[in-house]
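S.K.: Output the structure for:
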Amino acid sequence: MTNRIKERFVNVFKAEFLVGKGSYQNWMIISLVLLLGIIMIYSGHLIDYKVYTIGRLEAEVKDLRSEFVEVRSRLQQVKLESSILGALKDSGLKQSHTPPNKIKVIVKDE
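M.R.: Residues are numbered from 1 along each chain as shown. Next comes the predicted model:
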C-alpha cells in the first residue's frame, strides 16, 4: 500500500498525468479550470469597475442636487417683488398703483 502511494507521488512530480495514457482528459479538465478562473477574474474586475462607476455617479448626483437647491433658492429670492423693485429703483422705475389691464387679441379667420 505504501509502495503504491509512493509510486503515485513520484508520478505526480514526473507529470505523468500530462504526458501518459489518458492525458487528453486531464488537459481538458485543466483547460476548463483555467478558463473558469480567467472568467472569474474578469467578472471580478468588471464588478469592481461598475462599483467604482456607481460611486462616482452617486457623488455627482449629490453635487447636482445641492446645486439645484442652491439655484432654486436664488431664483426664488430674485423673483420676489421687493428684490425686483430694489434692482429697478436706480433706473427710476416705480411700482404702479393701478393694476394692469388685460389685452385680448381676436384673430378672425378669412
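S.K.: In terms of secondary structure, what does the lowest-mean-pLDDT helix or strand in the chain contact?
M.R.: Every helix and strand of the chain was ranked by mean pLDDT, DSSP states H and E. The lowest is helix 16-19, at a mean of 72. Packing partners of helix 16-19 (3 or more CB pairs under 8 Å, 6 or more residues apart in numbering; DSSP states H and E): helix 23-79. In this view, the C-beta of every residue, glycine as well, is placed from N, C-alpha and C.
S.K.: What mean pLDDT does the helix it packs on get?
M.R.: Regarding helix 23-79, the rounded mean pLDDT is 94.
S.K.: Which SSE is immediately downstream of that helix?
M.R.: Next along the chain after helix 23-79, taking DSSP states H and E as the criterion, comes helix 81-88.
S.K.: chain center to the least confident helix or strand of the chain, what's the gap?
M.R.: Remark: helix 16-19 is offset 48 Å from the chain centroid, using CA atoms, centre = their mean, to the nearest Å.
S.K.: I'd like to check what contacts it. Which residues are they?
M.R.: Helix 16-19 has contacts (CB atoms under 8 Å, 6 or more residues apart in numbering) with 11, 23, 26-27.
S.K.: Kindly recompute the last result at 6 Å.
M.R.: Identification of contacts with helix 16-19 by CB atoms under 6 Å, 6 or more residues apart in numbering yields residue 26.
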